[in-house]
Structures are given as C-alpha cells and as structure tokens.
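S.K.: Please work out how this folds:
(2 chains)
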Amino acid sequence: MSALSALIRRDIRIALRVGGGALIGVLFFLTVTVLMPFAVGPDLALLSRLGPAILWLGALLASLLTLDRLFTADHEDGSLDLIVMSRTPLELACAAKALAHWIAAGLPLIIATPVLGLLLNLDGTATLAVAATLLAGTPALTFTGMIGAALAVTLHRGGLLLAVLVLPLSIPVLIFGVAASQAVISGPLPFGTPFSILCALSLASLVIGPFAAAASLRHGLD
Amino acid sequence: MRLSGRNLKCVRGGREVFSDLDLAATAGEALAVTGPNGAGKTSLLRVLAGLLVPAEGTVALEGGDAELSLPEQAHYLGHRDALKPALSVMENLSFWREFLGGETQDAGRCLAAVGLDHAAHLPAAYLSAGQRRRLSIARLLSVRRPVWLLDEPTSALDTAGQALFVALMRDHLAGGGLIVAATHLPLGIEARDLRMGAPA
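M.R.: You can find the predicted model right below:
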C-alpha cells in the first residue's frame, strides 16, 4: 500500500510543480468556457441551454490535454521500466497513476465549475448539477483515457493518436453527463436515471481501465 | 542463489540479435557482458529484467525468494536514470525507496554513500550526468535486491566515482549478491567474461 501512496504522492507533486500539467488543464478549461459566451453572443437563454454542454466539452478536452503525458513521461526517463519490474502489480500502479492524474487535473476542473457557471448564465442548482455530473463522470474520462495513453506510450508524438483513440470511448460519458445536467435545468427527464448510468460508466471504467492499460504497457515495452 | 539463462534467443524488429546464448552466475559472482555495439548486451539485460520476452529459451533464478519473480528481486540500472527533474534529489530517492519496497536503508545515508548529501534538496534537473548516475546508484543501495543488472554502469562517472562504485559492487558481492553488467570498460572487480558476438 505504501508503494501505491508513494506513487500517487509523487505524481501529484510533479503535476503541481512548475511545468506540471495540472495548471495547464484548468487554464485551458477556463479559456474555452470564457470564449464561448463571446462566440455565441449575449443571448442568455441560449447560453444557459448550452451551458452544461460547453462545460462538459471543456472538461473533456482539458483532461485529454494532459492525459497523453500519463505514461510517456515515465517511459522516456526509464521510470516505467522500474515500475513494470517492481513488486507492485502493474494494474494497481496504473490505477494509482490514473487516480493521481484525476486528483491533480480533474478535481480542479470541478472546483472551477461554479465560477464558470456564472459566465454561462447557469443558476445555483444548475451549476451544482453540472459539478455533480463532472464529479461522477470525469473519473470515467481519466480511466478510459488511460487505455489510450498506454497504447500511445511507444509512439513519439502520440498525443493526436490518443485523442482519436479515446474520444469515441468518451461519447457515452458525454451524452449521459450532459443529459443529467439538462434534466435539472429544463426537465422533463428525472436527474437520477442518466446520473446513475454515468456513475455506472465510471465504475466500469475503474475496473476495465487499469487492466487494459497494464496489458498494453506489457506488450508495448520494448 | 544461481541465475541462469538457457538457449536464449532474442529478436528485435524482425532481426535476430542473439541466439543459443547460455549464461550462469552464482551468488557472490559478477558476470561482465562484453561485445561490440549492437551485439545485444542491453537486450540481454532487458531479457533478464523481464522487460523483453525472449523468442526462445528461459531465464531462472534458483535459491532466491520463491514467492518473487526474478525482476522483482533485481535492480535494473539502464541508460535512462529514472529521475524526475521537477523533484529534488531526496524526493527522487525517497520515492523509489518507498515504491520498490522490501528491505530498505536510510535514504540520507545512501546519498552520503554516493557523495550527493550536499545536494539533497537540489532539483534533479540541475544535476550533471555524473551526478544523475550517482543518484541512480544510490537507488541500488537504498533498497536491497540480490541481483543487480547494470548497463554501462560507470559511464559518465569520474575516476573517484568509478572507484566508489567498484567498492560498492565489492560490498554487494560480499553480501551474497550477484551482478550482471554490460560494459566496454573493465569493471574493476573479479568478473567472469561473457563475450557476445558481432551482430548477425
């Protein structure tokens, strides 16, 4: 256990230091959402209807932005070799790395959501709903994205490939995340149904992601 | 304890790197793998470390901890130093010490042993190539592993560093350890020679 917590603490520490990815993701999220009202125009009704979708798209792209470094950085400096050789099962190490990435890059997005909700004319309940769906859904983005990051590890400049591999997998998360938020804002669907499916998607990816990533890392190491 | 490889064959990118390779080393013994560039020294070490799957043949460690595999009982010191530039020297070492686990030694003492204690709080980004190598060597000391797989271990080290490393390898062998080192330079310790041929 101490091995996993050491790995999580190291990854969070690197992400928060200068040059780490955590701040870049939040800044990107901020930029995308701030630009939207300028592009769409000052129609408040339209903005609040688009709001959840914009926030979700911003969060999705922001988490992809930093995800491609999840394994490549460790691969380039040789750390991955030692992680593969270690006594910690590779599946658990992958899960720990994804968890650290989510804490460093995913949680700040959720914390920033209430502020950005103001810009999109979302009221308190709607912002809370979007934040709740992000909290339930972003782990799924990270853990499915990890599979793509593991596949792209041996490729130079695999960032684009990662996006191509991962975006189709994240469509269900996007659909149910936005649907649950819309249910709170405009109805008529109940919030619970899409939200439960979103939670289920996250839980399934928590299980599948580490195994798939570990398998592709074992294959890809050469 | 005895490390043995039988009938090993390694294929990289469709090209045969080596084949019919046998090796053996017992506790307290060092094996120096020599040969021209491209002969497959690094590939052999990576096969032993479990990072490459041999096309044929088997690797076995007898007399070690029966519950652990060979890679789990080995240290691998490769070309790349596995250091994070954003973390300090001490943070880098402490991380590997905690992550690799098992029988560990005090991190501060390991840094002192490789002559890096004065730089403990310096970010690893500012280390020279030789200092990075010294920090990697401190990793070998901080966690006890009976098998050391070393790839050009003394490259970038100054003469004092090389002498230091020779003494550390002697200690490791005297403590019942086992070393397989790929090298162009003489290792400086009693070692059996495993000569690898020219690339096919």
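S.K.: Now A:Leu155. Nearest residue, chain neighbours left out?
M.R.: Sequence neighbours aside, A:Leu161 is the residue nearest to A:Leu155 in space, at 6.2 Å (criterion: C-beta to C-beta, 6 or more residues apart in numbering or on different chains). No exception for glycine: its C-beta is placed from N, CA and C like everyone else's.
S.K.: chain center to the helix or strand where the one you found lies, what's the gap?
M.R.: Secondary-structure assignment from DSSP states H and E places A:Leu161 in helix A:159-186. What separates the centre of helix A:159-186 from the centre of its chain is 10 Å, taken as C-alpha atoms, centre = their mean, to the nearest Å.
S.K.: Output the contacting helices and strands for it.
M.R.: Taking 3 or more C-beta pairs under 8 Å, 6 or more residues apart in numbering or on different chains; DSSP states H and E as contact, the helices and strands that helix A:159-186 lies on are helix A:44-67, helix A:124-151, helix A:192-220.
S.K.: Please point out which parts of the shortest one sit buried.
M.R.: Read it as helix A:44-67. A:47-48, A:50-60, A:62-67 (16 or more other C-beta atoms under 10 Å in any protein chain shown).
S.K.: Likewise for the longest one?
M.R.: By neighbour count, with 16+ other C-beta under 10 Å as the criterion, the buried positions of helix A:192-220 are A:194-195, A:197-199, A:201-202, A:205-206, A:209-210, A:212-214, A:216-217, A:220.
S.K.: what's the strand or helix carrying A:Arg13 packed up against?
M.R.: Assigned by DSSP H and E, A:Arg13 belongs to helix A:2-16. Secondary structure elements in contact with helix A:2-16, counted by 3+ C-beta pairs under 8 Å, 6+ apart, are helix A:22-40, helix A:90-101, helix B:89-100.
S.K.: Just want the residue of chain A that's nearest chain B.
M.R.: With distances taken as C-beta to the nearest C-beta, chain A approaches chain B most closely at A:Gly78, which sits 3.0 Å away.
S.K.: wait, isn't that residue in contact with B:Arg80?
M.R.: Yes. Using C-beta atoms under 8 Å, A:Gly78 is in contact with B:Arg80, at 3.0 Å.
S.K.: For chain B, which residues are neighbours of chain A?
M.R.: By C-beta under 8 Å from any C-beta of the partner chain, the part of chain B that sits against chain A consists of B:12, B:49-52, B:68, B:71-72, B:74, B:76, B:78-84, B:86-87, B:91, B:94-96, B:98-102.
S.K.: From these, list the buried ones, please.
M.R.: Of all those considered here, the ones buried according to neighbour count by 16+ other C-beta under 10 Å are B:49-52, B:71-72, B:74, B:76, B:78, B:80-84, B:86-87, B:91, B:94-96, B:98-101.
S.K.: confidence score at the nearest residue to B:Ala119 once chain neighbours are set aside?
M.R.: Counting by C-beta to C-beta, 6+ apart, B:Ala119 lies nearest to B:Val89, which is 5.3 Å off, once chain neighbours are set aside. For B:Val89, the model assigns a pLDDT of 93.
S.K.: same check, this time on A:Phe38
M.R.: Per-residue confidence (pLDDT) for A:Phe38: 87.
S.K.: number of nearby residues for it?
M.R.: Neighbour count for A:Phe38, taken as other C-beta atoms under 10 Å in any protein chain shown: 9.
S.K.: again, but for the one 3 residues further on
M.R.: A:Gly41 is flanked by 9 other residues according to other C-beta under 10 Å.
S.K.: OK, contacts around the closest residue to A:Phe211 other than its chain neighbours?
M.R.: Counting by C-beta to C-beta, 6+ apart, the nearest residue to A:Phe211 once its immediate chain neighbours are dropped is A:Glu91, at 5.5 Å. A:Glu91 sits next to A:Pro210, A:Phe211, A:Ala213, A:Ala214 when contact means C-beta atoms under 8 Å, 6 or more residues apart in numbering or on different chains.
S.K.: Please tell me how far the closest residue to the third one other than its chain neighbours sits from A:Gly21.
M.R.: Yep, that's A:Ala213 we're talking about. In this structure, A:Ala213 finds its nearest non-sequential neighbour in A:Ala150, 3.9 Å apart by C-beta to C-beta, 6+ apart. Summarising the geometry, the distance separating A:Ala150 from A:Gly21, computed by C-beta to C-beta, to the nearest Å, is 17 Å.
S.K.: Of the two, give the one with the bigger neighbour count.
M.R.: Per other C-beta under 10 Å, whichever of A:Ala150 and A:Gly21 has more neighbours is A:Ala150, with 29 against 22.
S.K.: Against A:Leu135, how distant is that one?
M.R.: In this structure, A:Ala150 and A:Leu135 are separated by 25 Å, where distance is defined by C-beta to C-beta.
S.K.: and for stretch A:92-105, what are the contacting residues?
M.R.: The contact list for stretch A:92-105, computed with C-beta under 8 Å, 6+ apart, reads A:4, A:7-12, A:15-16, A:20-22, A:25-26, A:62-63, A:66-67, A:70-71, A:83, A:86, A:138-139, A:142-143, A:146, A:150, A:206, A:209-210, A:213-214, A:217.
S.K.: Which positions within that stretch qualify as buried?
M.R.: Neighbour counts using 16+ other C-beta under 10 Å place A:93-105 of stretch A:92-105 among the buried residues.
S.K.: Alpha carbons of it, as PDB, please.
M.R.: Extracted C-alpha coordinates of stretch A:92-105, given in PDB (Å, rounded to 0.1, in the frame of the first residue of the first chain):
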ATOM      1  CA  LEU A  92      -2.600  -1.300  -9.300                       C
ATOM      2  CA  ALA A  93       0.200   1.000 -10.400                       C
ATOM      3  CA  CYS A  94      -1.800   2.100 -13.400                       C
ATOM      4  CA  ALA A  95      -4.900   2.700 -11.200                       C
ATOM      5  CA  ALA A  96      -2.700   4.700  -8.800                       C
ATOM      6  CA  LYS A  97      -1.300   6.900 -11.700                       C
ATOM      7  CA  ALA A  98      -4.800   7.500 -13.100                       C
ATOM      8  CA  LEU A  99      -6.100   8.400  -9.600                       C
ATOM      9  CA  ALA A 100      -3.200  10.800  -9.100                       C
ATOM     10  CA  HIS A 101      -4.000  12.400 -12.500                       C
ATOM     11  CA  TRP A 102      -7.600  12.800 -11.600                       C
ATOM     12  CA  ILE A 103      -6.800  14.400  -8.300                       C
ATOM     13  CA  ALA A 104      -4.300  16.800  -9.900                       C
ATOM     14  CA  ALA A 105      -6.100  17.600 -13.200                       C
END
